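Model the structure of this input:
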Amino acid sequence: MSSRMSSMFKRHPVLLSLSFAFIMIFCVFGYLFHWAFYNIERIEPGELISEKTSPSGEYTVRTYLNNGGATVSYAVLGVLFSNEKNNDSKHIYWQYEETAGEIHWIDEDTVNINGQKINVPGGKYDYRHP
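Residues are numbered from 1 along each chain as shown. Just a heads-up that it's a prediction; the model follows:
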C-alpha cells in the first residue's frame, strides 16, 4: 500500500499538495467559524447582576452584564458553576440587547434565565442560535 501511495505522489505531486493545502485551509476556516459564531466560552464576564444556587446546592448560576462598548448594546452572560467540582464553570446563557439577569431554578436540573429554560449541566442558550 505504501509503495502505491509513493508512486501516486511521484506521478501527481502538485495535485496531492494542493489537496492537502485545501483540506488544511478548510479546517482552519471551520475552526474560526465555530469560534466566532458558536463558542460562547470565549466571552468574558462583565459586571455581576445576580446569583442563585440550585435547590440541592450542587450548582450556582451567575449572570453578568456585558458592556460591548460604545457601538454595541449590552448583553447578559449566564455562567454555571459546579459547587462540587472546585467551581468548574460553563457558559450556558448569552442574550444580546438585555440588561436583566433574572434566575429561577425550576428543579434540580433546570434553570430559567430571563424566560429561557436551560437543562443543566448540558444545555445552553445562545440568542444567535435559538
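
got any ranges where this protein has weak pLDDT?
1-6, 8-9, 37-40, 87, 130 (pLDDT under 70).

residue boundaries of the strands in it?
With DSSP state E applied, the chain shows strands at 47-53, 59-66, 75-82, 88-96, 103-107, 110-113, 116-119, 125-126, listed in chain order.

elements contacting the shortest one?
Using 3 or more Cβ pairs under 8 Å, 6 or more residues apart in numbering; DSSP states H and E, the elements in contact with strand 125-126 are strand 88-96. Where you see a C-beta, it was placed from the backbone N, CA and C, and this is true even at glycine.

Tell me the helices and strands packed up against the strand it packs on.
Secondary elements touching strand 88-96 (3+ Cβ pairs under 8 Å, 6+ apart): strand 75-82, strand 110-113, strand 116-119, strand 125-126.

closest to residue 10 out of the strands of the chain?
strand 125-126 (48.9 Å; Cβ to Cβ).

Run the chain-centre distance for that closest one.
Remark: strand 125-126 is offset 9 Å from the chain centroid, using Cα atoms, centre = their mean, to the nearest Å.

Residue 95 bridge partners, please.
Beta-bridge pairing for residue 95 (DSSP bridges): residue 76.
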